[in-house]
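# model this:
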Amino acid sequence: MAGIVACAWGLAREQGIAGVSLHGLARAVGIRQPSLYEYFESKSALYDAMFADGNRQLIERLNTVKLSRDHRAALKQILVAFTAFALEDPARYELLFQRHLPGFIPSPESYALAEDVLNRIVVLMRDAGVIHQGDIDCIVAITAGLIDAQLSNNPGGNRWVRHLNRLIDLLVDDAITRSKQ
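Numbering: from 1, shown residues only. Model (predicted):
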């Protein structure tokens with residue numbers, strides 16, 4: 001099954017995530033389309049397997065980051081790693097973090113992997129002094145916004161994402177100041 005999912009990622013990179021079809025995937029892996037149903041009961045099940053696979057890849061990547069003992073530096077390190085992961089594969093980013101596939105909802109098991117990623121980052125935010133949910137939401141939104149702007153307006157460059165550390169500092173400073181009031 002891992003080979004089929006890897007092939008599906010290849011198709012997504014060529015045709016966009018919505019362009020992945022069971023018929024095209026069957027052709028690409030050299031089997032008849034009905035044979036795919038032994039692995040995936042539907043196109044949504046294929047997307048779910050890809051969603052889980054992409055989140056496992058992200059978890060593996062984040063596990064390789066040697067975090068600083070300084071909490072703010074650690075938050076920046078994890079968000080830089082997250083951003084780099086997102087930018088290296090726009091099709092994977094689209095499936096994991098955007099909702100362009102009508103009707104696709106990840107299974108609870110697959111979504112738990114995504115929640116694990118977010119929870120890890122939230123722990124680092126809290127360690128850095130960002131304790132209110134609204135402030136956490138702002139950091140998530142700014143990070144996603146920079147990624148989206150980069151992918152849309154300067155793919156392969158760094159025009160937008162180069163501001164990530166500065167924006168983290170601004171948001172963390174603001175969050176800490178307001179939590180003391």
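# use CA for all of it now, contacts and neighbours both
Fine.
# contact partners for the closest residue to residue 138 other than its chain neighbours?
Once flanking residues are discounted, residue 138 sits nearest to residue 171: 7.7 Å by CA to CA, 6 or more residues apart in numbering. Contact analysis of residue 171 by CA atoms under 8 Å, 6 or more residues apart in numbering lists 135, 138-139.
# what of residue 107?
So residue 107 contacts residue 48 (CA under 8 Å, 6+ apart).
# can you tell me which helix or strand of the protein has the lowest average pLDDT?
When the helices and strands of the chain are compared on mean pLDDT, DSSP states H and E, helix 33-36 comes out lowest with a mean of 90.
# for it, the distance to its chain's centre please.
29 Å (CA atoms, centre = their mean, to the nearest Å).
# tell me how many other residues surround residue 66.
The number of residues packed near residue 66 is 10, by other CA atoms under 10 Å.
# helix, strand or coil for it?
Three-state assignment for residue 66 (DSSP: H, G, I helix; E, B strand; the rest coil): coil.
# which SSE is residue 78 in?
helix 71-88 (DSSP states H and E).
# can you pull the buried residues of that helix?
Under the neighbour-count criterion of 16 or more other CA atoms under 10 Å, helix 71-88 has 71-83, 85-87 buried.
# could you identify the helix or strand that succeeds it?
Later in the chain than helix 71-88, the nearest helix or strand by DSSP H and E is helix 90-97.
# packing partners of the helix or strand following that next one?
Per DSSP H and E, helix 90-97 leads on to helix 108-127 as the next helix or strand towards the C-terminus. When contacts are defined as 3 or more CA pairs under 8 Å, 6 or more residues apart in numbering; DSSP states H and E, helix 108-127 sits against helix 43-63, helix 71-88.
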